[in-house]
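Asker: below: sequence and its predicted model.
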Amino acid sequence: MTAWPRVEELGESACPLSHRLSKQRPLEVHIQLFGAGRAANILTVRSDIGLSFVELARRQQILQAAIELLAEGGCAAATLSLIAVRIGASKGVISYHFDGKDELLAQVVAHVLADAGGFMSSRVTAVTGERVKLRAYVTANLEYLSAHRTEVRALNAVLTGLPPAADGTPVYAAAGRDAVEALAALLEAGQRCGEFRPFNARVAARSLRASIDAVTELLRAEPTLDIDDYADELLSLFEAAVHA
């Protein structure tokens, strides 16, 4: 599952309760992952602003260890104690940099989504024409999944391992909806300019997203899966289905 995060650093005048500054704690960064307004899903994590090179390096080391443990054994395996063992430090070192496991997991989600978003958006926005954008969208998604298997497994471990919200809705449930809506918008743009034939864009978007998202588990079961061949076949199917 891939989404496009929007990152904002909010000042006190914009959001009085969301931006705190102290000598012990750097600025907080609020990452709006999906949705908007009151329906938005927002992660609050510490900003790297003001940290020394050594502090930045240590935070990155902790984050990488968490990603590896999440990919290997899920949320249960990514305890602060095991992360400390992995990096050869005390548990207190992790607590100095992160306010517990919840913040660390939030940082994992923020890191992977921001990395994936940058990787894919640069490829889609670099081309023109909705048909070419669709091809770039599919290939960029699959290239990222293939090249960043550990990070993607870690992300999925967090998203599927967290308990649902109080109303029973899975955490980040809006992620799938937003991904489908973004893809449907691309398909509808292609219909308006005559590149794609008339069809239900949301049905097509759900089908294509499901085919892309399935690759994560396919790669786990078949590590030698030929991603390029998969992408070519998937594109052949969907291009034949949607082209005018």
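Answerer: On my side now, so go ahead.
Asker: quick one: list the elements packing against the helix or strand hosting residue 211.
Answerer: Per DSSP states H and E, residue 211 falls inside helix 201-213. Other helices and strands packing on helix 201-213, by 3 or more CB pairs under 8 Å, 6 or more residues apart in numbering; DSSP states H and E, are helix 130-147, helix 174-192, helix 227-242. (C-beta placed from N, C-alpha, C; glycine too.)
Asker: can you list the buried residues in that helix?
Answerer: Within helix 201-213, the residues that count as buried by 16 or more other CB atoms under 10 Å are 201, 204-206, 208-209, 211-213.
Asker: residue 81 and residue 119, how far apart?
Answerer: Using CB to CB, to the nearest Å, residue 81 is found at 32 Å from residue 119.
Asker: before we move on, what about residue 188?
Answerer: 24 Å.
Asker: circling back: ok, then the element right after the helix holding residue 211?
Answerer: Later in the chain than helix 201-213, the nearest helix or strand by DSSP H and E is helix 215-221.
Asker: quick one: mean pLDDT for that following helix?
Answerer: Per-region confidence: helix 215-221 scores 84 on mean pLDDT.
Asker: contact partners of that helix?
Answerer: 142, 145-146, 149, 152-153, 156, 225, 227, 230 (CB atoms under 8 Å, 6 or more residues apart in numbering).
Asker: alpha carbons of it, as CSV, please.
Answerer: Extracted in CSV, the C-alpha atoms of helix 215-221 (Å, rounded to 0.1, in the frame of the first residue of the first chain):
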residue,chain,number,x,y,z
VAL,A,215,3.1,-7.9,-5.1
THR,A,216,4.3,-7.5,-1.5
GLU,A,217,3.1,-10.9,-0.5
LEU,A,218,4.1,-12.4,-3.8
LEU,A,219,7.7,-11.3,-3.2
ARG,A,220,7.6,-12.9,0.2
ALA,A,221,6.5,-16.2,-1.3
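Asker: where is the longest helix in the chain?
Answerer: helix 101-125 (DSSP state H).
Asker: now do that helix against helix 130-147, angle only.
Answerer: Orientation of helix 101-125 against helix 130-147 (axes from the mean of the first three to the mean of the last three CA atoms, to 10 degrees) gives an angle of 140 degrees.
Asker: what residues sit buried inside helix 101-125?
Answerer: 103-114, 116-117, 119-120, 123-124.
Asker: if we can go back for a sec, which stretch in the helices and strands packed on helix 201-213 has the least confidence?
Answerer: Among the helices and strands packed on helix 201-213, helix 174-192 carries the lowest mean pLDDT (a mean of 87).
Asker: where's residue 188 relative to residue 124, distance?
Answerer: 15 Å.
Asker: and stretch 83-102, how far out from the chain's middle?
Answerer: 23 Å (CA atoms, centre = their mean, to the nearest Å).
Asker: that stretch: end-to-end distance?
Answerer: Length of stretch 83-102, first residue to last, CA to CA, to the nearest Å: 14 Å.
Asker: the domain parsing of the protein - what is it?
Answerer: Domains of the chain are assigned by automatic domain parsing as 6-103, 111-242.
Asker: what's the least confident stretch among those?
Answerer: With a mean of 67, domain 6-103 has the lowest mean pLDDT of those.
Asker: if we can go back for a sec, between the buried residues of helix 201-213, which sits nearest residue 66?
Answerer: Among the buried residues of helix 201-213, residue 213 lies closest to residue 66 (CB to CB), at 22.7 Å.
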